[in-house]
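A.B. asks: With the sequence up front, the predicted model follows.
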Amino acid sequence: MGAKIEITEEKLDMLYAAMEKNKLQPGPLMPTLHAAQNIFGCIPLPIQKIISSELDVSIARINGVVTFYGHFSIEPKGKNVISICLGTACYVKGSQGILDAFSHDLHIGVGETSKDGLFTLEATRCIGACGLAPIFTVNDEIYANGSVQLVKKVIQKYKN
Ligand code: FES
């Protein structure tokens, strides 16, 4: 098991409040999914079912949207989210090697979360900082001019 999701009454109240508000506008699904992702950290099936019945949108459609957009996730993400840019500038400067090193050392693939719930590995498109390529981020922290040598140090830093 990776990270755990908490569905508390308080969080459900927040979701229902968001849906009430969104229902007054056209296209309530996307803002509701954004709200759910922020409230729960992911949008698992039980939450998708609630949204489905409240907004009268099929589960299949909701599931399709959740799995299509990288911003949404069905499983909870780990405590630390590592995102490696695979945009052209970063790729040319070796970001795939950095991604492979994280994957190897954490024993997870892209989109997966480590068993201890500490790390989720993601690949992103260009984040608009190509001059500092290759780039990766851990949570809100940006690592410019990344290298494979940095990988072990970064993992160690966030493990503590
Ligand atoms: S390609 Fe990585 S920041 Fe632009």
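C.D. replies: Looks like it came in fine. Numbering: from 1, shown residues only.
A.B. asks: Was I right to think residue 70 contacts residue 120?
C.D. replies: No - here residue 70 lies out of contact with residue 120, judged by CB atoms under 8 Å, at a distance of 11.8 Å. In short, each C-beta sits where N, CA and C put it, glycine included.
A.B. asks: Comparing the two, which residue is more hemmed in?
C.D. replies: residue 120 (24 against 12; other CB atoms under 10 Å).
A.B. asks: how about the more buried one, secondary structure?
C.D. replies: Using DSSP: H, G, I helix; E, B strand; the rest coil, the structure places residue 120 in strand.
A.B. asks: measure it to residue 37 for me?
C.D. replies: 14 Å (CB to CB, to the nearest Å).
A.B. asks: And the residue of the chain that's closest to the ligand?
C.D. replies: With CB to the nearest ligand atom as the measure, residue 87 is the residue of the chain nearest to the ligand, at 2.5 Å.
A.B. asks: I'd assumed residue 123 was in contact with that residue.
C.D. replies: No - counting by CB under 8 Å, residue 87 sits too far from residue 123 to count as a contact (9.9 Å).
A.B. asks: what's residue 23 in contact with, if anything?
C.D. replies: 54, 55 (CB atoms under 8 Å, 6 or more residues apart in numbering).
A.B. asks: run the last query once more with 10 Å
C.D. replies: Contacts for residue 23 were tallied using CB atoms under 10 Å, 6 or more residues apart in numbering; they are 32, 54, 55, 56.
A.B. asks: The first one: which element?
C.D. replies: So the one you mean is residue 32. In this assignment (DSSP states H and E), residue 32 forms part of helix 29-40.
A.B. asks: What's the first helix or strand after that helix?
C.D. replies: helix 45-55.
A.B. asks: Please report phi then psi for the nearest residue to residue 143 once chain neighbours are set aside.
C.D. replies: Once flanking residues are discounted, residue 143 sits nearest to residue 136: 5.2 Å by CB to CB, 6 or more residues apart in numbering. Here is the backbone geometry of residue 136 (degrees, to the nearest 10): phi -140, psi 160.
A.B. asks: wait, residue 136 sits on residue 146?
C.D. replies: Yes - taking contacts as CB atoms under 10 Å, residue 136 lies within contact range of residue 146: 5.2 Å.
A.B. asks: which residues are common contacts for these two?
C.D. replies: 84, 85, 90, 95, 98, 99, 154.
A.B. asks: Start from the N-terminal end of the chain and give the strands.
C.D. replies: Applying DSSP state E to the chain gives strands spanning 80-85, 119-124, 136-138, 141-143.
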